[in-house]
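Asks: need a structure here:
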Amino acid sequence: MKIKSKLTLLFTFCTMAFAFAQTQVSGIITGADGQPIPGAAVLVQGTSNGTTSDFDGNYTITVEENQSIEFTYLGYLAQVIVYTGQDSLNVSLEEDLNELDEIVVTGYGSRKKSDLTGAVASVKSEELNAFPLLNAAQALQGRAAGVVVQSNNGGEPGAPISIKVRGNTSISASSAPLIVVDGFVGATMPQPGDIESIEVLKDASATAIYGSRGSGGVVLVTTKKGKTGSLNVEVNTNYSTQTTANKLDLMNADQFATYTQSYNPGYVQGSEETDWQDLIYQSGSTTNHQASFSGGTDKINFYASANYFNQDGIIVNSDFERITFLTNVDAQINDKLKLGMNLFGSRGVKNGILTQSTGDTANGGGDDVVGLAFRFSPDSGIYNADGSFTQSNVGDGIENPFAVANELTNETIKDEFRFNAYASYEILENLTFKATIGHSSRNETLGRFKPQTFVLSEGYAQLDNWRRTSLLSENYLTYSSELGKGSLTVLAGYSYQKSDMMYLGARTEQLLSDDLSFYNLGAGQLQTRRVYSNFNESEIQSQFGRINYDYNNKYLLTATIRRDGSSKFAENEKYSVFPSGAIGWKISNEEFLKDNETISNLKLRASYGVTGNQAISAYQSLQQIALVSATAVDLDPSFSLSQEANPDLKWESSYQTNIGVDLGLLNGMVSISVDYYNIDTKDLLLETTSNPIYLGASNLQSFGNVGEINNSGFEVSIDSRNISKDNFSWTTNFNLSANENKVVTLNDGADIIGSAAPAYFAGKDTYILSEGQAVGLFWGMDYQGIYQGGTAPDGTGFVGTFNAPGDPLFTDVDGNGSIDSNDLMIIGDPNPDFTWGLTNNLSYKNWDLNIFFQGAQGGEILNLTNVQLFNGDSNSVVAALDAWTPTNTDATIPRNVASRGREISTRFIEDGSYIRLKNIAVGYNFPSSVIEKLNVDNLRLSLSAQNLLTITSYSGLDPEVSYFGSGGVNNQKRNVAQGHDFGNYPTLRSFNLSLNLKF
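Replies: I've put the predicted structure just below:
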């Protein structure tokens, strides 16, 4: 009994001593602005004893005297405080300005930049708003290595923007990246002023979490959120004036007469002098106004904005107007439950002018304003004596460009709405469940009208409507934990998305009156009325997971897997698995480099993974029938077989390797990232011709998995803080990316040859896909100079009957003495050697200056505009006056003739390299002495100019070409029609005045 009593007494004494040694301490964790920081980590160093702050920044932890407590939160500097017995301990954390500790959004989560193992490019809010933008995607151009951004039609108001990440990873399917806005997959890009940051996920380690939709890269957009505190109001307003950045040097009336008479001596010059470019071009303008409101309490915060954008184009009667709103609300219901909602809506009205002609021959070989203005005879007036519109004096009958610009109606109204809501619940400590549900809708109506005042074709009225909806539900668990010297984050979830599209269109001709435009299609003759409609839907369901492990802040591991099932593919091929893995080594945290004065950061990254592509239309694995509409009142409609079934159709799959190095020098003064990648895309989704006879039909087109292409390249990004003083700073960003692509295999090894020229070029082929060659190489004849008479040089020949002195010579590939289809060959490469961007930001006291250059080296252009203008059946550029004649045999331009048949040859292949001063902007922030009198928080004025200078040898309007028209079809989603130039809407030169006001 005595022994037992003594032990009991000893145990009780030890317990009491331990209890007295440990004390509970409480406090509030705030930022430098005094606002509480929820979710901050509190850890007693050397132990597993830790906790996190609640929504109000409060924490409580048990600690012994003289122990060290570490306070950490992403984006803030860690703070360590030795506990000395105080009852409360309040902590203020400072923001970490080191870019390595910036928070970067990744799929379904975020990471510190220093902990990334994948290739991710980030663009922040300041860069997005460095100069006025219609579309936030434009801010990526020249600012993110490996990302190529281009308008699909020059400076056209409301023109869509094309983004490509690391080249073309497909041929027939889309290579566009997946756009994810605040977690909604496939969303529309919001206004630049509403965006907090954009992250571009480039390698498989980063994109595999999106599985079958990640092969073209992923663009993650995070919009602005409200912050705890008083109401903040921000107003941004901008006004721009715009002109065309370039014009062609076309002939005037006298020059045109001299030119035409050189091959047609009987031509009589017209009595007018008309500059058709001046008639269709005008000074344009843009106005952009945005107001935003944000604020919150300790329980709820919000951000709301409204934007009005209006642009009058530089071509008459082209304009675009849009109203947009965005609302974000986040509410902390209790310590465990958080709710949020995102609303986005917009209405855009676009009055378009026909540009980028598809070459519809129904309009006499031309239906676009720009191409017609180039071609139309300058000695013709606008009207004939009877008031009708004139026709060109030479060549094909083509519509009057003034009439096309002023008489046609081409109106698009687009309404978009997106709703996204989430609930986040902390099930256990470090285990969180998040559920999201979202819905988006897009309703687009296109009205087209052509009055009966045109000579070459009858008038018509047409109305088309598309309704697209998408439902998205995603649910996932996130677990985070400290494991000794390591930290572990595990993610697992499920996703389901359903999309559908309904189309309805109607057309009529021979209208009773032009006054009704397209608003009453019943005004057309009964036999000309046509009605079209269709519907499709698709579903995709997925399971996904990811593990991030960081050991000792030195060794990083990321493993991702996603299983996707898509209704677009065959019954036995609907599901596929897309895995990836990545490792990272923070060498600079090793003891041998930890305190190095030169190298402040050094990290190696390596990843390998598989991503997919399912960006094709629905039902492509199924047999399809097509409706043959009735062509007259007395004829019945009928069905015909249009596509053969493919029971084996499955995803394209891209197998990607990435090796990267991140290097920081001189305590972060210089940061360098270099990445090398290799992407093998297999099982290409490609349209092929089926068996010769299939249920009575022949030469049917259907999708199959029939080839492989390869993209490889490297990317370099350099950031430097050149000067950082109290009153003056200067930072520089330079990025460069080079991509090389190659067709590895095609179906049965057969070349694919096609045309991206206007239809009235008589189907001239312009590009080729061939095994072992780059994608989309130009295809045509090899120009060998001008024939001077006598015996033609060996290995050359003539086209048709053009064999007189002054005619062009071409390489005779097959040696038969004449030039025909057997002599066509690869004549150029539209793929640039590399693209680059250079940004300098300077600030002095209240002034700041932004200078942004962007460019491309290599990459050739097929100048289809010159193919037409040197054809001899239209107006031309002044240079054509220096063509070959018996007294001008040193000329570089063949003799003028009535028509050469629009040859596609190396004669019209030009270097597309350029250097462009994309933006220069100067801003002034008014001092506090001024803004206090105005009772505002901030007042800023800025002046900027875009596209002031372009250095290039290209003879066309602009080296950033994007012509996709061919044979009456728009091929902008395909990846083979690259580097063609014809009739684009001109690039704009802008001058802008902006005002920013904060209350």
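
Asks: residues contacting F454?
Replies: In this structure, F454 makes contact with F389, E399, A403, E407, judged by Cβ atoms under 8 Å, 6 or more residues apart in numbering. All C-beta atoms are positioned from the backbone trio N, CA, C, and that covers glycine.

Asks: show me where the stretch 651-800 of the chain has its strands.
Replies: 652-665, 670-682, 685-689, 701-705, 708-724, 728-745, 752-754, 767-769, 777-780, 783-786, 796-797 (DSSP state E, counting those that start in this stretch).

Asks: export those to a markdown table and append columns for mean pLDDT.
Replies: Output for the strands of the stretch 651-800 of the chain, formatted as a markdown table (pLDDT from 0 to 100):
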| stretch | mean pLDDT |
| --- | --- |
| strand 652-665 | 95 |
| strand 670-682 | 96 |
| strand 685-689 | 74 |
| strand 701-705 | 79 |
| strand 708-724 | 94 |
| strand 728-745 | 94 |
| strand 752-754 | 88 |
| strand 767-769 | 93 |
| strand 777-780 | 96 |
| strand 783-786 | 96 |
| strand 796-797 | 94 |
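
Asks: just put those in TSV and tack on distance to T887 and mean neighbour count.
Replies: Below are the strands of the stretch 651-800 of the chain laid out as TSV (distance: least, Cβ to Cβ, whole Å; neighbours: other Cβ atoms under 10 Å):
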stretch	distance to T887	mean neighbour count
strand 652-665	59	21
strand 670-682	56	20
strand 685-689	53	18
strand 701-705	54	19
strand 708-724	51	18
strand 728-745	47	18
strand 752-754	41	17
strand 767-769	39	24
strand 777-780	31	24
strand 783-786	14	18
strand 796-797	24	20
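
Asks: any stretches of the stretch 351-500 of the chain with poor pLDDT?
Replies: 357-367 (pLDDT under 70).

Asks: tell me which stretches of the chain form helices.
Replies: For the chain, the helices defined by DSSP state H occupy 2-21, 125-128, 204-207, 253-261, 276-280, 369-375, 401-407, 864-869, 928-934.

Asks: just send those back as TSV, with distance to Q462 too.
Replies: Putting these into TSV (distance: least, Cβ to Cβ, whole Å) gives the following:
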stretch	distance to Q462
helix 2-21	85
helix 125-128	38
helix 204-207	40
helix 253-261	35
helix 276-280	23
helix 369-375	19
helix 401-407	15
helix 864-869	27
helix 928-934	53
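
Asks: Q79 is nearest to which of these?
Replies: helix 2-21 (24.1 Å; Cβ to Cβ).

Asks: out of the strands of the stretch 651-800 of the chain, nearest to V867?
Replies: Of all the strands of the stretch 651-800 of the chain, strand 777-780 comes closest under Cβ to Cβ, at 9.6 Å.

Asks: pairing partners for the closest one, with directions?
Replies: Applying DSSP bridges to the sheet, strand 777-780 is found paired with strand 767-769 (antiparallel), strand 825-828 (antiparallel).

Asks: return the distance of the first one from the chain's centre.
Replies: What that stands for is strand 767-769. 24 Å (Cα atoms, centre = their mean, to the nearest Å).

Asks: other residues contacting it?
Replies: Outside strand 767-769, the residues touching it (Cβ under 8 Å, 6+ apart) are 171, 743, 746, 751-756, 775-779, 826, 976-978.

Asks: show me the strands in the stretch 351-500 of the chain, by range?
Replies: According to DSSP E, counting those that start in this stretch, the strands that the stretch 351-500 of the chain contains are 409-428, 431-450, 460-483, 486-509.

Asks: output these in CSV, with mean neighbour count appended to each entry.
Replies: Output for those, formatted as CSV (neighbours: other Cβ atoms under 10 Å):
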stretch, mean neighbour count
strand 409-428, 16
strand 431-450, 18
strand 460-483, 17
strand 486-509, 17
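
Asks: among these, which is nearest T887?
Replies: strand 431-450 (47.2 Å).

Asks: figure out how far the closest one is from the centre of its chain.
Replies: Using Cα atoms, centre = their mean, the offset of strand 431-450 from its chain centre is 18 Å.

Asks: what strands line up against that strand, and which way round?
Replies: strand 409-428 (antiparallel), strand 460-483 (antiparallel).

Asks: make CSV out of the ones you listed and add distance to L593.
Replies: Formatted as CSV, the strands paired with strand 431-450 follow (distance: least, Cβ to Cβ, whole Å):
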stretch, distance to L593
strand 409-428, 38
strand 460-483, 25
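
Asks: bridged to Y425, which residues?
Replies: L337, F433.

Asks: just want the most central residue of this structure.
Replies: I163 (2.5 Å; Cα atoms, centre = their mean).

Asks: do you know the pLDDT at it?
Replies: pLDDT, I163: 88.

Asks: tell me how far the closest residue to K450 other than its chain neighbours lies from S517.
Replies: Spatial nearest neighbour of K450, excluding adjacent residues (Cβ to Cβ, 6 or more residues apart in numbering): G459 at 4.8 Å. Distance of G459 to S517, computed by Cβ to Cβ, to the nearest Å: 10 Å.

Asks: lovely, talk soon.
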